[in-house]
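1. sharing a sequence plus its predicted fold:
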Amino acid sequence: EAGVTQFPSHSVIEKGQTVTLRCDPISGHDNLYWYRRVMGKEIKFLLHFVKESKQDESGMPNNRFLAERTGGTYSTLKVQPAELEDSGVYFCASSQEYLAGGPHSYNEQFFGPGTRLTVL
Amino acid sequence: KQEVTQIPAALSVPEGENLVLNCSFTDSAIYNLQWFRQDPGKGLTSLLLIQSSQREQTSGRLNASLDKSSGRSTLYIAASQPGDSATYLCAVSLIKAAGNKLTFGGGTRVLVKP
């Protein structure tokens, strides 16, 4: 079973530019989460999709961040325009509701390798 | 607001010694608690998930306990090996209606010396 994948692995951009991060969740997972860790801080929640709908976007820092999940499959997170404080590692995670007799614990989240974003 | 703390921030032990990693959280109304491992430059690998109704979970040399009333979880790693060197993170989610978003601790960086 393929895990969560993220693209790109690294991105270096200048302040004011636009960057789009992509996440492909595990196939069949309805829940998709975005998190990020900025330098020296804990990993923080950004938002949560259930299929194509935004369930909770309370962690989005401001309106420069836009997340989409068209068709309920992969998701993109766009930062426009990027600022210096947006630098950090952006993680995506996915989870599946518990199925009786299934192999996964309820709502166990599986993480991708992250995208390291550097804004100069 | 839920806060998660992990102590110590770093730990160094000789190979073969048992590891004890602590996690505390301020709001006991959790839905589940998950332990992760992160290797440098890599993503998070899920190690164990404990439901709020459970007291512990075991997987191989790993055992995690949960005391919801006191807001604590402990991860035990038996007979540590150099390959166990990594950062260990704990994260809690609140009630299911909150979408199961995770609140993370700062992690414990572990070094197992051969």
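-> Structure's in. What do you need?
2. near chain A, anything from stretch B:27-38?
-> Yes - using CB under 8 Å from any CB of the partner chain, we find that stretch B:27-38 touches chain A at B:31-32, B:34, B:36. C-betas here are computed from N, CA, C, even on glycine.
3. among those residues, which are located in strands?
-> B:31-32, B:34, B:36 (DSSP state E).
4. got a quick ChimeraX command for the buried subset of the residues of stretch B:27-38 next to chain A?
-> With 16 or more other CB atoms under 10 Å in any protein chain shown as the burial test, the buried ones among the residues of stretch B:27-38 next to chain A are selected in ChimeraX as follows:
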select /B:31,32,34,36
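5. and the pLDDT at the most centrally placed residue in chain A?
-> The residue lying closest to the centre of chain A (CA atoms, centre = their mean) is residue A:34, at 2.8 Å. Residue A:34 carries a pLDDT score of 97 in this model.
6. which residue is the nearest non-sequential neighbour of it?
-> Leaving aside its sequence neighbours, residue A:34 sits nearest to residue A:46 (CB to CB, 6 or more residues apart in numbering or on different chains; 4.1 Å).
7. for that neighbour, list the residues it contacts.
-> A:33-36, A:57, A:59-61, A:65, A:67, A:77, A:90 (CB atoms under 8 Å, 6 or more residues apart in numbering or on different chains).
8. looking at those residues, which are in strands?
-> Per DSSP E, the subset of those in strands is A:33-36, A:65, A:67, A:77, A:90.
9. by neighbours, which of the residues you listed wins?
-> When neighbours are taken as other CB atoms under 10 Å in any protein chain shown, the top entry among the ones in strands among the contacts of residue A:46 is residue A:33 (27 neighbours).
10. what's the closest non-adjacent residue to it?
-> residue A:93 is the one closest to residue A:33 (CB to CB, 6+ apart), at 4.5 Å.
11. shouldn't the one you found be within a strand?
-> Yes - the assignment for residue A:93 is a strand, going by DSSP: H, G, I helix; E, B strand; the rest coil.
12. need the pLDDT of residue A:51.
-> Listed pLDDT for residue A:51 reads 89.
13. kindly report the same for the one 4 residues further on.
-> Residue-level confidence at residue A:55 comes out at 88, pLDDT.
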